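K.L.:
can't give you the sequence, but here's the structure:
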């Protein structure tokens, strides 16, 4: 059993398909000349190559920054390790000196 609103929706769909759906099928495709096609294709290829070149430059720049940053971090780590080694040695030396002075006073 089909209701009145369902009938109207179905009727509207049928009219829409008849009016606009078959119109698209009957249109003939627009033909472009070979020159126009090749021109558009070459334009897109040139744009793609330009974008690829920019991306390659960006990648090489980022690689250089990464290498520089790694070098800076390595230098900072070495400085910190040297400072830590000196602090540890000075602290160890001071502890031994304090122990020696403490027991030598006895």
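P.N.:
Alright, I've got the coordinates. Please read all numbers here as calculations on a predicted model, not as lab measurements.
K.L.:
show me where this structure has helices.
P.N.:
Taking DSSP state H as the criterion, the chain contains helices spanning 4-16, 22-26, 34-104.
K.L.:
quick one: find the helix or strand in the protein with the lowest mean pLDDT.
P.N.:
The helix or strand of the chain with the lowest confidence, counting by mean pLDDT, DSSP states H and E, is helix 22-26 at a mean of 56.
K.L.:
how about the helices of the chain in TSV, adding mean neighbour count?
P.N.:
All C-beta spots, glycine's among them, are computed from the backbone N, C-alpha and C. Formatted as TSV, these follow (neighbours: other Cβ atoms under 10 Å):
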stretch	mean neighbour count
helix 4-16	10
helix 22-26	7
helix 34-104	10
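K.L.:
any idea which of the ones you listed scores lowest on pLDDT?
P.N.:
Of all the helices of the chain, the minimum mean pLDDT falls on helix 22-26 (a mean of 56).
K.L.:
separation between residue 38 and residue 93?
P.N.:
Noted for residue 38: a distance of 82 Å to residue 93, by Cβ to Cβ, to the nearest Å.
K.L.:
and residue 7, by the same measure?
P.N.:
101 Å.
K.L.:
how about residue 16?
P.N.:
94 Å.
K.L.:
ok, now residue 70?
P.N.:
Remark: distance between residue 70 and residue 93 (Cβ to Cβ) = 34 Å.
K.L.:
and what of residue 14?
P.N.:
Residue 14 sits 99 Å away from residue 93, going by Cβ to Cβ.
K.L.:
residue 42 now?
P.N.:
Taken as Cβ to Cβ, the span from residue 42 to residue 93 is 76 Å.
K.L.:
same question, residue 34
P.N.:
Distance of residue 34 to residue 93, given as Cβ to Cβ: 88 Å.
K.L.:
residue 49 too?
P.N.:
Going from residue 49 to residue 93 by Cβ to Cβ gives 66 Å.
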